[in-house]
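J.: structure for this input, please:
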Amino acid sequence: MKRYDDRDGALPAWPAGAREGITSFPFAVTDVGLERGGFRLRVVALFGGERAGFSIVLAPKGAKAASPNPLGLSLQPATAQLVAEGAETDVFLRALAAALDVELTPGASSRPRIDFNAIALTGDIRRLASTAARVKLFYERPVEGESFELLAGINLPERSFTLMEKWTGYRAPLVRGLTFVPSRDGN
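T.: Residues are numbered from 1 along each chain as shown. The predicted model follows:
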């Protein structure tokens, strides 16, 4: 697998400011591990010279391997969990809000972890080490207008990960879903 080193300038850099249309965020995969029957990926990019990133854990649901349907989609059910990596994930949240032109609540930081339902559209999550996959992530909340979807492009042989918004109408729920706002008493 391709290896990334911060010293060689290999981390993708994001421009500052809002972007028009569907937005994608490229990352370098800096570390890969096994967790919960799947893969844990550490992804990092640069925003304004600061490291922005998080970890994501992807695991297939059930024992059945992905099998493409007549449309060429694998439709493999999975789970995903976005895991905060401290200040780097807070930088990611600020960069995401800036790019999507969504205002962050003052004092907000990233949630420690966010659980998603997922489905592999292409590829096989069990074989991420050797093949690329495209995964749809579903964040579902019982509050109307607070759910959102994302697409993730994963290519571990190239050590790349791309997070894409699925629809511009999900921008505000996406930022709110990733945000932790402490209560007035500090909890």
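J.: please make it C-alpha for all contacts and neighbour counts, starting now.
T.: Fine.
J.: what's the helix ranked longest in the chain in contact with?
T.: Longest helix in the chain, counting residues (DSSP state H): helix 87-100. Applying Cα atoms under 8 Å, 6 or more residues apart in numbering, the external contacts of helix 87-100 come out as 16-19, 23, 47, 50-54, 103-104, 109-110, 171, 175, 178-179.
J.: element containing Val44, please.
T.: Using DSSP states H and E, Val44 sits in strand 38-47.
J.: within the sheet, what are the partner strands of the very next helix or strand once past that strand, with directions?
T.: Using DSSP H and E, the helix or strand that follows strand 38-47 towards the C-terminus is strand 50-60. If you go by DSSP bridges, strand 50-60 pairs up with strand 38-47 (antiparallel), strand 76-83 (antiparallel).
J.: and those strands, which is most packed in?
T.: Greatest average neighbour count among these goes to strand 38-47 (a mean of 23), per mean count of other Cα atoms under 10 Å.
J.: quick one: mean pLDDT for that one?
T.: Mean pLDDT, strand 38-47: 94.
J.: check which helices and strands the helix or strand of the chain with the lowest mean pLDDT sits against.
T.: Across the helices and strands of the chain, mean pLDDT, DSSP states H and E gives its lowest value to strand 13-14, namely a mean of 84. Applying 3 or more Cα pairs under 8 Å, 6 or more residues apart in numbering; DSSP states H and E, one finds that strand 13-14 contacts strand 38-47.
J.: quick one: contacts of the strand it packs on?
T.: Residues contacting strand 38-47 (Cα under 8 Å, 6+ apart): 11-16, 26-34, 51-60, 91-92, 95, 125-126, 128, 161.
J.: repeat that for stretch 156-173.
T.: Contacts to stretch 156-173, defined as Cα under 8 Å, 6+ apart, come from residues 1-4, 21-30, 43, 100, 102, 128-132, 145-155.
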